[in-house]
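Peer 1: Sequence first, predicted coordinates after that:
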Amino acid sequence: MRHTSRDPSRAAWCRRPGAIRPCLARAAVLAVALLPLPAGAVAPPDAATLFGGDRVVPVTIALPADDWETLRRESRDAGFLFSASPPKKFTWFEGAADVDGHAAADVGVRKKGFLGSLDSARPSLIVDYGKGSSRSPFTGIGRITLNNNKQDAACIGQFLAYELFRTAGVPTPRVGFAAVTVNGAPLGVYTHVESIKKPFLRRVFGDDDGGLYEGTVTDLLPDAIAKFEVETHDHFTARLETLATLLAADEPLDEERINALVDIDTFLSYWAVEALAGIWDGYTANQNNYFIHVSATDERLRFIPWGTDSAFTSLPGPFMAFQRRVPPAIHAEGALANRLAFVPGMAERYRQRLTELLATVWSEERLLAEVDRLEALLTPHFVPAQAGAKKALVNVRDFIRRRRGELEPVLADWPPALPTRPRPPLSTKRVGTVSGTFATLQRLAADEEAAPGEVTLSLTLHDAPVAVTPSDVRAYPTPLPGPGGRPGPAPGQAPVGPPQPAPPPAGAAAAQGDQPIGVTVSGARDDGTPLTITFLLDRRLVRDTTTDLEASGLLAIGGGFLGTGPMRVLGGRVALTERGVAPGSRLAGSFSFTVDETSGGFANPAPRARPPAAAPAPER
C-alpha cells in the first residue's frame, strides 16, 4: 500500500539538476500563499467557475519539446498493471499553464491513465500547482485533471454519469470540459474532473481528517488490501482490513457489523447508479476506478466514483470477447456488493433504490435534452482525432432511450441470479519470455487474406523451452474494442491483394487515423495446439519516431481469442527495422516480451443463485 501524501517525488522535484528554483524559494512561496490578502486585493476566482458543463474552459500548456515527447511516450508494462502493488505514477515535468486566462509560469505536468485511456498523441494530463512555485489561481483546487475521452468517445459520458451520482446523493467530484492546447497544438475536448484530494474532502465532507484510498483493479479482500493507494491518513487502514476480513469469511454476513463499517444507504445509491448508467469498469462490476473515504467522525466507509468513461455504453469490459450485450441491472463482482446482495432483504433494498432512481434521477427527456445541449457546446472544439464523437453521441442517445426497457423486466422478476462469491481480484505471476523477428505487409483488417510474411519465434514457459512452428504474421489497424472483437475494413475499402504491396484505396490511410497497429504471429506447438502472439504498436510512434517502442499484448495457447487456461499477458519492447504504416507497406523488426499469467479478474467462476428476496420472518 503506497502513501502518496508523503510522495518522495516532491522532494526529488527540488533535487532535480537545473530545477527552476531551490526548495527554499518554494517554501517561501507557500508561506506567502498562506498570508491573508492585502486590503483591496481581488480574491482568486472560485474553482466552481471551471465546472458545471455550461462552457468549455480553455487550457494552454507549455513544455520543453523533448519533455513533451517523453511524457507522451510514457507507458506501463502490462505485467505491472495487474501486480500486487499500486500502479506507479508517471513522471512529473516542469512547465507553464494558462487555465481560463489565469497563467502560472511554474507548474508540474504529467501523464495520467491506467490502460484503456493511455495515448501518445492525446494523453490524459494532470496540471499540479503544488509541484511548482506558482500559486493556484483558483480557490478550492490545487490541480487540474484532464481526461482525454479516449474511451468516452462521445465526450459526455463522464459528465452525465457524475451528474447522476451527485443527484442520487453520492459523494461525487465536480466535472466540466476543457479545450486543451499543448505547445501550440490543439488536442480537442477533454473532460475536466475535480481531483479527489484534500480540497475535495473539505468541500464534500467538511474536513480532510479522514482516510482516503484509491482502488485500481483491487478489492476489499485480505490479499488485495496492499494494492490500495493511501491518499491521506493511513491510520484508517485498519477499518479496511476489518471489513476485508468480514467479507472474506465463510459465515453469513452480519449486517449490523457491516453497517458499523460502511454507510450502506449511500453505497446502495452508488451501486445502483453504476448499473443504471452501464458502468462496466467500476467497483461493483470490475473492482476498478473508485475511491474510498473513511470518515474521521463515524469511521464508516463511503465510495466515491472515479473513471466513469465506460458509462452509457453496452460493452462488458476489456478481454471479454468484445461482444455487445445488455448491461445488467445489478453488478455483484466487487466483494462488498457481492456479499451484501446475499444478506436477506438487501437485494430487495437495492431493487427499491434502483426503482426510485428510475423514477426520479433517470429522466429520458432531460437526459436527451442535455445530450443535445452538450453536443452543440462541444462540437466547435473537436479535433480530427475526435471525428467519431458524432456516432458515439448517437449511441449514447440510444442507450438512454432503451435503458428503462432493459431494466423493468428484470425488476419485475426480481432478484436475478448472481455469482455466489466475489470475483477474485486480478493478479499476475511471471512465467516466461518470448522473442522473435517478423516482417509483413500492412493490411486493412485482421481477417483480410494473408500476404506472405517472415517470422521466427522463441518461447520459454515455466523455465522450459516450448517448441513452436510459426506459420503466419499479420499487421493491421486495431480499433479496439469493436463489435465482435475484430476490426473490419472501412466502407468502400478493398483488400490489399498479396503478394505484392498495392496502393491503398483513396482515404484508407486517413480512415485509420491513429488507430493502434496490431501484430499477430500465428503458429502451433509440436503437439498441434494452436498458438498466437498479438501485440499492439502505437501508430504515431511507429510513424514519427526511430527508437524502440514499448508494447504489450497477449499470448494465446489453444483455440479462441484468449486461448485456454490462464490469460497470458505480454509486456516488453519492439525494435523496428521497417516502419510502414500505410496499407500495403512493409513493417518489420524484432520483439522481446515477458510473459505473465493472470489469475482472478475478468470472469467469476462461482456458481450463480438468486439472493434471498426478503429477510426471514422472526420465529414466534
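Peer 2: Thanks, I have it.
Peer 1: thought Val434 was touching Gly571?
Peer 2: No: taking contacts as C-beta atoms under 8 Å, Val434 lies outside contact range of Gly571: 10.7 Å. Bear in mind the C-beta positions are built from the backbone N, C-alpha and C, glycine included.
Peer 1: neighbour-wise, which of the two wins?
Peer 2: Comparing Val434 with Gly571 by other C-beta atoms under 10 Å, the one with more neighbours is Val434, at 25 against 22.
Peer 1: Going by neighbour count, list what's buried in the helix or strand containing the more buried one.
Peer 2: Using DSSP states H and E, the element containing Val434 is strand 427-441. For strand 427-441, a neighbour-count test (16 or more other C-beta atoms under 10 Å) marks 427-428, 431-432, 434, 436-441 as buried.
Peer 1: Average pLDDT for the following helix or strand past it, rounded please.
Peer 2: Going down the chain from strand 427-441, the next helix or strand is strand 454-461, by DSSP H and E. Throughout strand 454-461, pLDDT has a mean value of 95.
Peer 1: Who does strand 454-461 pair with, and is each partner parallel or antiparallel?
Peer 2: Note on strand 454-461: by DSSP bridges, its sheet partners are strand 427-441 (antiparallel), strand 464-466 (antiparallel).
Peer 1: Can you tell me what sits against that strand?
Peer 2: 431-440, 465-466, 468, 470, 472-473, 521, 523, 531, 533, 555, 588, 595 (C-beta atoms under 8 Å, 6 or more residues apart in numbering).
Peer 1: hang on, the earlier thing: export the buried residues of strand 427-441 to TSV and append columns for distance to Ala385 and pLDDT.
Peer 2: As requested, the buried residues of strand 427-441 are exported to TSV (distance: C-beta to C-beta, whole Å; pLDDT from 0 to 100):
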residue	distance to Ala385	pLDDT
Ser427	34	76
Thr428	32	78
Val431	37	93
Gly432	37	95
Val434	32	96
Gly436	32	96
Thr437	32	96
Phe438	28	96
Ala439	29	96
Thr440	26	94
Leu441	26	93
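Peer 1: Put together a markdown table for these, with distance to Ala47 on each row.
Peer 2: Below are the buried residues of strand 427-441 laid out as a markdown table (distance: C-beta to C-beta, whole Å):
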| residue | distance to Ala47 |
| --- | --- |
| Ser427 | 38 |
| Thr428 | 39 |
| Val431 | 48 |
| Gly432 | 49 |
| Val434 | 49 |
| Gly436 | 52 |
| Thr437 | 53 |
| Phe438 | 50 |
| Ala439 | 53 |
| Thr440 | 51 |
| Leu441 | 52 |
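Peer 1: what's the most distant pair in the residues you listed?
Peer 2: By the measure C-beta to C-beta, Ser427 and Leu441 form the most distant pair in the buried residues of strand 427-441, at 38.6 Å.
Peer 1: low pLDDT regions in the chain?
Peer 2: For the chain, the stretches with pLDDT under 70 are 1-43, 76-88, 115-117, 315-324, 446-451, 479-513, 615-620.
Peer 1: how far does the strand holding Val434 sit from the chain's center?
Peer 2: Relative to its parent chain, strand 427-441 has a centroid offset of 24 Å by C-alpha atoms, centre = their mean, to the nearest Å.
Peer 1: what does stretch 425-433 give?
Peer 2: Centre to centre, stretch against its chain (C-alpha atoms, centre = their mean), the figure for stretch 425-433 is 20 Å.
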